[in-house]
Structure formats: C-alpha cells, structure tokens
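Chemist: Need coordinates for the following:
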Amino acid sequence: MPLDGRRLSKACGREMHIHRQLCRAELGGLSLAAGTGHPVVVCCTQEIPAFEETLEQAKSEVPLTCVNIRENAGWSDEADQATAKIAALIAAAMVDAPPSRTLTVKSAGRTLIYGQGDTVLAAAAQLAGRLDVTALLPPPGEAVPPAVTRFPVFRGQIAQLAGRLGAFRATVDDHAPALPSSRQVLSFGPGRNAVTLEFDLVVDLSGGAPLVGGGELRDGYLRPDPGNPAAVQKALFDAADLVGEFDKPIYVAFDETLCAHSRSRVTGCTRCLDLCPASAIQPAGDHVEIDAALCAGCGNCASVCPTGAASYAMPATQALYQRLRALLRAYRDAGGQYPVLLIHDERRGAETIAMAARFGRGLPARVLPLAVNEVTQLSFDGLASALAWGAERVLILAGPENRDRRDGVMQQVAYADALLDGLGYGAGRVELIDDEDPEALSDRLYQLPPVAAIPPASFLPMGGRRSLTTMALMHLHEKAPAPVATVPLPAGAPFGTVDVNVDGCTLCLACVGACPTGALGDNPDSPMLTFTEQSCIQCGLCRATCPEKVIALVPRFNFDPAARSPRTLKEEEPFTCISCGKPFAAKSAIEKTLERLAAHSMFAGNPQALEKLRMCEDCRVIATFADEQPMAHGERRQTRTTEDYLSGAISDEPDDKN
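Modeler: Numbers count the residues shown, from 1 in each chain. Next comes the predicted model:
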C-alpha cells in the first residue's frame, strides 16, 4: 500500500507511525505504543489475535482498536489517491461505541431431531455421543430399527413448536414410543395426542415448511435441506456446539412510552408487527413487546418505527451516527471530494469488499465503506443525516441472505429518494444494490458519475430520531436546488398531515385523546380542534378512532415554519344549556346527537326527553327528578313516642297512614 505518513498525520491531527511488518519484525512497536498508556489504533484487522496476545503479554490494559484500511482503501486501483479516505476510516474507528447489552441463554444440549426415517436415525446416532438426543419420526415412522438403542425413538407429528435456544416446547400428536421388538421396520406402541415435549435444540430434517415463526432466524432451530448431505453435516456440527451458556446480544432497545401501537383497544401503528421475520414482537395493550430472546437482530422494527420507541442498539444509534459524521467530516477535512457512502453488513458485505480488493480493482478512493450489523436496520433519519453531512450518494450493499426481509429498508430508501427528488437534488442518490459478484460491485462503483455535492452541515447527532431528522431535512431544504414548501411522500411515511372533513366533524375530540404524540389538540375553554404537523407520525390512530370517519392521512414533509405550531382545523361556538345558559358542549355534537336519537324508541314522540339532551349535566339531573321521583317511597311514616300515647294524642286503633 502506498502510505504517506506525513499527509496522514496532518489529516488525522496526530502523529502516525508507518510500519511495514508490525505483526512480525516490528511487533515491539505495539508494546512501545501501549506503554504510553493511551488508546492504541492499529490499521490492520487480519492480525488481531497477534496484537491482542502481544498486549496481554505486556500486561497492558490500554484499549485496542483495529481498523481495516487495506481491503477498504489500500488495495485499490486508486490507492495513490486514498489518503483522505484512510484518514476518514481511522477517524471513524476512533469514535468509541459502548458495548451492547446481552442476555444470558443456557442450553443443556437436549436435542430433538425431527424428520423422515433413516436420515433422522443416522443424524441422531452421530450426535448421541455429544448431546442428549431424541429422534421423532412423523407417521408412519418407517425406518430400519437400530442395532443398539443409544437414544430414544418416537413416532409423532409436531402440531406446534414454540420457544428458542434452551427453551423449546413442542406439542406432538400421535406420540408413541418405538417397540424394542421391531424387526424389519420400526413398530410403535399406542399413540397419544397433545403431548408436550421440551428441548434445548431442534434439528428439523423434515424438509417441509418451518415449524416455528422466523425459521432459521430462531436461535437453536436448525433446518438444513435433508437432500443436501453437506448442509446436514454443517447443521449437526453447529448443534454440537450449542451447549453451555451464551451471551446473546440485545439488538433492540425499546421504550414503550413512545409506542403508538394502540389506544383504548383501537389499533394504530403496526409497522414493526408487520415486518418482524422472527415473530419476536407481539401486542401488549397500548404498546408492543419485543422478546429479546427471540429477536434475530434484523433491525426492521428500528428501521420503520416512527417515534423511535424501537432503536437499534448494536451499537447504539447515536454512536453509529457519530462514526458516520466523523467519517464524512474527516474525509472532507483531508481534501476528499464527492464522497459516496457504501453501507454494508459486517459479514457478507465485508467479504464481498475484501474479494474485490484481493482479486479485482477494489473500491474507488471516493467510496467510503461503513460497516453495520445489519443493513436492514437503516432508517430514514440515518439516510437523511448522511446526506446532510456531505455524502454525495448513499449506497446500501445488501446480500442474498436478507432478500426476504428488506421491505423496511426499501421503504426508507423510497422516502429519501422522494424527498431528494422533490427538492431538486434528483432521484437515485440513495440506492440499495445487490451485487454478490465482487467484480460487478467494483465496476458499478467505478462507473458512478459524480453529482452536485451537497454542502455539509455541522449539527451533532443529538436528541431523538424526530429532532435529528428535522435538522437534517431543514439543512437539505436550505441548500436545495429547488426548495419547495412541501414534498409529497409515499404511503406509510412517518411524516404528514391529516385531512379532516370539517363539515362532518362534531368536535367530539376522540382523536385528541387517541393521538400518542400530541399532534392533535383541543382548547379547554372552547370547542376547537388543532393540529401540529411536525408532531404527526401518521400512525392512523386518529383515523381509526374517529366515530364520524372524517379523518384521512396525507403523507408529506412540510418545511414551512408554521408546521411546528398548532393550527386550528375546526372551531365553533359552544352549545349553551337551555335551562341555565352554561356552555357545555360543541354545537355540532349536540345537533348530531339529537338527529341520531330522534327516531330511537326512548325519544320518539317524547319531546321532554329530547329537551333534556339540550341541558348541561346538572340541569339534566334536576329536570329528571322534577318530572318524577324514582327514589321516592311514598309519604314518610310518622314517628310515635310513649308520650303521644299517654296524652291520648294518638289512638291505639291502627290507621292506614300509620
């Protein structure tokens, strides 16, 4: 790699030491650097074990960060132009990201192997020496009886499977044990239905549909193709390692107080529920619950959540955005131009880039790679912030393993594309690419024509997702080639207004009570409905709650400063009580109530009953008891005393009144 130590030191703002054999002859240089007590950044990831061993031998506790500048920058046809890019990669790596929280999962190795005949018995025999294995054969359960019974064999049909690694629960019908007297084929005893079995692992060799929601995304559920011996063997090797205690990352942080799922049993936002491929999200009253033990970490929920109730935590969103900002800022400060941000996952995407560097042209000098855990975690606020911080384009490198769960990130790309096009930047600046071939990826990137750069913003990634998005979009609007007041967005976007048919609205204010963000409001002193557009997340709770069905959602982004303040949608004079004159309701609400109840059996032909509906709550009670006394029990009984009898004022003869 052509490395210019002087230019790199200037670009990074600190002294850089260039080594040619740091992992071999110059390994002592790492010990010397650690001896200073300052954090150490090594620009190599291939020899991480050697570097960690060196620091361990030196009894050093300084933090070690390793960054890959070789495959990402140095091995490239444009390596001699990559100084700014290398400086940017180093700057991003130096941003500290706190470790994500973990969940402890325990597995004792109780394994269920399910499928047809001899394939299952052979697999069970292979694992029997390492795991506590049970073989379950769907009816009729035909198989050659094993010569030695090393594991239990049953017949049964799995009706339901739930759980995860260390805690699977299977409900089995026609469950019967194999008889030891079986001769040519296995025979079984009498079967029982609805038998519950518990296991730590499940190896599904049935070849059918997944037995559990999410399929292979569920930890501890292995489902290889039974017709592929290599895939079966890999699954068995993986199963043998799934014994003990494991630290499973908690991929998503969830704040139920921000959730807009439902209010008063009326469902609004279901974005995360619709997209979770692992069935790890379930409704729980007015919010949802995310089972961290079932979560596969795809990040779809964090991508589409309009309020930020669900946010990706590996690493935390703010730490990731700090790295993104540092990457683009350092590249620009080092003299780089026309930066293209290439977001990829840490596994398949990194491998594709490495192969392109080893066997092809590598990445162009202006393409800045940024690794994330899953590209499906990306959300609109991150894409908008990247463009506001100076990225010319944002490309998302997706792999074949997530083709069936890209709906969330594709929605975010569509929102960003529509907004940029609406502001005159042109479509296509944000794109999801699916090049598995490293050579095809390189060719695509080298052929990208430069487009007009966006002057970078300087705001920090602070606050919630809504505030971060607003800062980014306001900057893009300020620098836009063709700024407009409003930009229409595709359906489902988390920004927009509400269209209220004011003629049909009765100002019942049910929508105000349901709105989770306070976008819809009222006036305690007068019948009024107000709306603050910047607070609206288009969850649909107002539309679902409205008894008159007069509310429609209109997705858009409004750049007018007035969108940050409440505007009045409808206001009218209050209806005053016909008895005392006190205002107590909206006039349209009373009129609508009278219209609906006029034909009701309790009110038809009874004008006095309808008149009471025009009274306030106090006068209505007074009028009701003035007409009739439902609590009355006749004339009050006269109290008699001994003195009354002795004086003769009261006769001993009984009378009707007393």
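
Chemist: tell me the domain ranges of the chain?
Modeler: Domain assignment for the chain by automatic domain parsing gives 104-247, 250-312, 337-470, 496-571.

Chemist: got those as CSV, with mean neighbour count columns?
Modeler: C-beta: built from backbone N, CA, C; applies to glycine. Output for the domains of the chain, formatted as CSV (neighbours: other CB atoms under 10 Å):
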stretch, mean neighbour count
domain 104-247, 18
domain 250-312, 21
domain 337-470, 19
domain 496-571, 18
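
Chemist: how about the ones you listed, which one is nearest residue 599?
Modeler: For those, the distance to residue 599 is smallest for domain 496-571, at 18.2 Å, taking CB to CB.

Chemist: burial of residue 14, as a residue count?
Modeler: Here the count is done by other CB atoms under 10 Å, and residue 14 has 12 residues near it.

Chemist: one step back: would you list the domains of the chain in CSV and tack on mean pLDDT and distance to residue 6?
Modeler: What follows is the domains of the chain, written out as CSV (pLDDT from 0 to 100; distance: least, CB to CB, whole Å):
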stretch, mean pLDDT, distance to residue 6
domain 104-247, 94, 43
domain 250-312, 94, 39
domain 337-470, 94, 18
domain 496-571, 93, 45
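
Chemist: With respect to residue 31, which of those domains lies nearest?
Modeler: Closest approach to residue 31 among the domains of the chain (CB to CB): domain 337-470, 28.3 Å.

Chemist: Straight-line length of the closest one, end to end?
Modeler: 26 Å (CA to CA, to the nearest Å).

Chemist: end to end, how far does stretch 532-541 reach?
Modeler: With CA to CA, one end of stretch 532-541 sits 15 Å from the other.

Chemist: can you list contacts of that stretch?
Modeler: Defining contact as CB atoms under 8 Å, 6 or more residues apart in numbering, one finds that stretch 532-541 is touched by 260, 262-263, 266, 268-269, 306-307, 470, 492-498, 511, 514-519, 521, 553, 555, 558, 563-567.

Chemist: I'd like the domains of the chain laid out as a markdown table, including distance to residue 616.
Modeler: Listed next are these as a markdown table, based on distance: least, CB to CB, whole Å:
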| stretch | distance to residue 616 |
| --- | --- |
| domain 104-247 | 54 |
| domain 250-312 | 26 |
| domain 337-470 | 41 |
| domain 496-571 | 14 |
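
Chemist: Residue 46 is nearest to which of those domains?
Modeler: Short answer: domain 337-470, nearest of the domains of the chain by CB to CB, at 9.9 Å.

Chemist: Now do that closest one: distance to the chain's middle.
Modeler: Domain 337-470 sits 20 Å away from the centroid of its parent chain (CA atoms, centre = their mean, to the nearest Å).

Chemist: What residues does residue 302 make contact with?
Modeler: Residues counted as contacts of residue 302 (CB under 8 Å, 6+ apart) are 252, 310, 311, 312, 317, 377, 379.

Chemist: Could you do residue 259 as well?
Modeler: If you count contacts by CB under 8 Å, 6+ apart, residue 259 has them with 269, 286, 287, 288, 307, 309, 516.

Chemist: quick one: contacts for the first one?
Modeler: Okay, so that is residue 269. Residues near residue 269 by CB under 8 Å, 6+ apart: 259, 260, 261, 306, 537, 539, 540, 541.

Chemist: Recalculate using a threshold of 10 Å.
Modeler: 259-262, 287-288, 304-307, 309, 494, 516, 537-541 (CB atoms under 10 Å, 6 or more residues apart in numbering).

Chemist: wait, is it part of a helix?
Modeler: No: with DSSP: H, G, I helix; E, B strand; the rest coil as the criterion, residue 269 is coil rather than part of a helix.

Chemist: Show me which of the contacts of residue 259 is closest to residue 488.
Modeler: residue 269 (20.6 Å).

Chemist: Show me where the stretch 401-550 of the chain has its strands.
Modeler: 430-433, 486-488, 496-500, 520-523, 526-531 (DSSP state E, counting those that start in this stretch).

Chemist: shouldn't residue 61 be in contact with residue 55?
Modeler: Yes: the criterion here is CB atoms under 10 Å, and residue 61 meets it with residue 55 at 8.2 Å.

Chemist: The two: who's more crowded?
Modeler: A count of neighbours by other CB under 10 Å puts residue 55 above the other of residue 61 and residue 55, at 18 against 10.

Chemist: Setting aside sequence-adjacent positions, which residue approaches that one most closely?
Modeler: residue 34 (5.6 Å; CB to CB, 6 or more residues apart in numbering).

Chemist: burial measure for the one you found, as a count.
Modeler: If we define neighbours as other CB under 10 Å, then residue 34 has 21 of them.

Chemist: before we move on, back to that, which neighbours do residue 61 and residue 55 have in common?
Modeler: Taking CB under 10 Å, 6+ apart as the criterion, residue 61 and residue 55 both touch residue 34.

Chemist: ok so, going back, which members of the contacts of stretch 532-541 are positioned in helices?
Modeler: 470, 511, 514 (DSSP state H).

Chemist: Pretty sure the second one sits against residue 543.
Modeler: Yes: under the criterion of CB under 10 Å, residue 511 is in contact with residue 543, at a separation of 8.1 Å.

Chemist: Mutual contacts of those two, please.
Modeler: 498, 500, 550, 551.

Chemist: Specify the beta-bridge partners of residue 585.
Modeler: Counting by DSSP bridges, residue 585 forms beta bridges with residue 575.

Chemist: My read is that it contacts residue 620, right?
Modeler: No: Residue 585 is beyond contact range of residue 620, at 11.6 Å (criterion: CB under 10 Å).

Chemist: Comparing those two, which residue is more hemmed in?
Modeler: residue 585 (20 against 17).

Chemist: give the contact list for the more buried one.
Modeler: Residue 585 touches 506-508, 527, 574-577, 593, 613-614, 616-617, counting by CB under 10 Å, 6+ apart.

Chemist: Out of those residues, which is nearest to residue 346?
Modeler: Closest to residue 346, out of all of the contacts of residue 585 and judged by CB to CB, is residue 508, at 51.7 Å.

Chemist: from what I can see that closest one touches residue 551, true?
Modeler: No: taking CB under 10 Å as the definition, residue 508 is not a contact partner of residue 551, at 11.7 Å.

Chemist: Which neighbours do those two have in common?
Modeler: Common neighbours of residue 508 and residue 551 (CB under 10 Å, 6+ apart) are residue 545.

Chemist: For the closest residue in space to residue 367 that isn't next to it in sequence, give me phi and psi.
Modeler: Nearest residue to residue 367, sequence neighbours excluded (CB to CB, 6+ apart): residue 340, at 4.7 Å. Torsion angles at residue 340 (phi, psi; degrees, to the nearest 10) stand at phi -110, psi 120.

Chemist: repeat for the one 4 residues further on
Modeler: Note on residue 344: its backbone torsions stand at phi -140, psi 160 [degrees, to the nearest 10].

Chemist: change the start of the numbering to 699 and stick with it
Modeler: Yes, from this point I'll number from 699; that puts the last item at residue 1042.

Chemist: so it sits right up against residue 1073, yeah?
Modeler: Yes: counting by CB under 10 Å, residue 1042 touches residue 1073, with 6.7 Å between them.

Chemist: show me where the stretch 949-1098 of the chain has strands.
Modeler: In the stretch 949-1098 of the chain, the strands defined using DSSP E, counting those that start in this stretch lie at 950-952, 960-961, 964-965, 979-982, 985-988, 1008-1010, 1038-1043, 1065-1070, 1091-1095.

Chemist: Relative to residue 793, which of the ones you listed is closest?
Modeler: So among the strands of the stretch 949-1098 of the chain, strand 1065-1070 is nearest, using CB to CB, at 11.5 Å.

Chemist: and the angle from the closest one to strand 1038-1043?
Modeler: Per axes from the mean of the first three to the mean of the last three CA atoms, to 10 degrees, the angle that strand 1065-1070 makes with strand 1038-1043 is 30 degrees.

Chemist: Identify each of the strands in the stretch 699-848 of the chain and give its residue range.
Modeler: Using DSSP E, counting those that start in this stretch, strands in the stretch 699-848 of the chain cover 738-740, 762-764, 800-805, 808-813, 830-835.
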